[in-house]
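In: Any chance you could fold what I've pasted below:
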Amino acid sequence: MVEQRRGRRIAMSPAEVDAFLAEERTCRVATVGPNGPHATPLWYAWHGGALWLTSVVRSQRWADLQRDPRVAVVVDAGTSYDELRGVELRGRVEVVGEVPRTGERVPELEGPEQLMADRYLGGTFVHDGRHAWLRLAPDKITSWDFRKLGG
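Out: Here you go, the predicted structure:
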């Protein structure tokens, strides 16, 4: 993984990145489409050092990622300048499991599906036959926490 160079003073530690990604709920996924960038919000699971996303397989995002798996994802928080913090993850996504997902046993998906179920779906993950899983094992993580700047 490429190390963050600039902004070391406000960079989060690996433990802080893990805690931040475990606590926030929405990410913004940027893909490269035939007509340029395409950004969409999604729920996610941070599990095993990877960002796990489910996507409707008949979406612009899915079509973009099948053509070009490169992605940038941002998770951020804060309202005033001195509270801003976030993480950007870059790399290539890979499909995990069947497309679309119908519930075939895939041991690799047990953790991410349970996290998604607990976090967003009242504890039960439903395979609707419209979504499929994407895993981003980031090549580069950039983080910032302006609260570290102090007064």
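In: Could I get the buried residue list for stretch 127-141?
Out: Of all the residues in stretch 127-141, those buried under the rule 16 or more other CB atoms under 10 Å are 131-136, 138, 141. C-betas here are computed from N, CA, C, even on glycine.
In: measure that stretch end to end?
Out: Terminal residues of stretch 127-141 are spaced 30 Å apart (CA to CA, to the nearest Å).
In: Out of the buried residues of stretch 127-141, which comes closest to Val99?
Out: Proximity to Val99 was ranked across these by CB to CB; first place goes to Ala132, at 4.3 Å.
In: Wasn't that closest one part of a helix?
Out: No. With the criterion set as DSSP: H, G, I helix; E, B strand; the rest coil, the secondary structure at Ala132 is strand rather than a helix.
In: now the strands for the protein?
Out: Taking DSSP state E as the criterion, the chain carries its strands at 26-33, 36-43, 45-47, 50-56, 70-77, 85-96, 131-136, 140-145.
In: Residues touching stretch 82-99, excluding its own?
Out: Where contact means CB atoms under 8 Å, 6 or more residues apart in numbering, the residues beyond stretch 82-99 that reach it are 12, 17, 20-21, 51-53, 57, 65, 69-78, 104, 106, 108-109, 132-147, 149.
In: List buried residues within those residues.
Out: In the contacts of stretch 82-99, burial by neighbour count holds for 12, 17, 20-21, 51-53, 57, 65, 69, 71-75, 109, 132-136, 138, 141-146, counting by 16+ other CB under 10 Å.
In: Only C-alpha atoms, please: export the longest helix belonging to the chain in PDB.
Out: With DSSP state H applied, the helix covering the greatest number of residues in the chain is identified as helix 107-120. Presented in PDB, the C-alpha positions along helix 107-120 are these (Å, rounded to 0.1, in the frame of the first residue of the first chain):
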ATOM      1  CA  PRO A 107     -17.600 -18.000   3.400                       C
ATOM      2  CA  GLU A 108     -15.700 -14.800   2.400                       C
ATOM      3  CA  LEU A 109     -19.000 -12.900   2.500                       C
ATOM      4  CA  GLU A 110     -20.200 -14.100   5.900                       C
ATOM      5  CA  GLY A 111     -18.400 -11.300   7.900                       C
ATOM      6  CA  PRO A 112     -19.300  -8.400   5.600                       C
ATOM      7  CA  GLU A 113     -23.000  -9.600   5.200                       C
ATOM      8  CA  GLN A 114     -23.400  -9.900   9.000                       C
ATOM      9  CA  LEU A 115     -21.800  -6.400   9.500                       C
ATOM     10  CA  MET A 116     -24.200  -4.900   6.900                       C
ATOM     11  CA  ALA A 117     -27.100  -6.700   8.500                       C
ATOM     12  CA  ASP A 118     -26.300  -5.600  12.000                       C
ATOM     13  CA  ARG A 119     -25.500  -2.000  11.000                       C
ATOM     14  CA  TYR A 120     -28.200  -1.200   8.500                       C
END
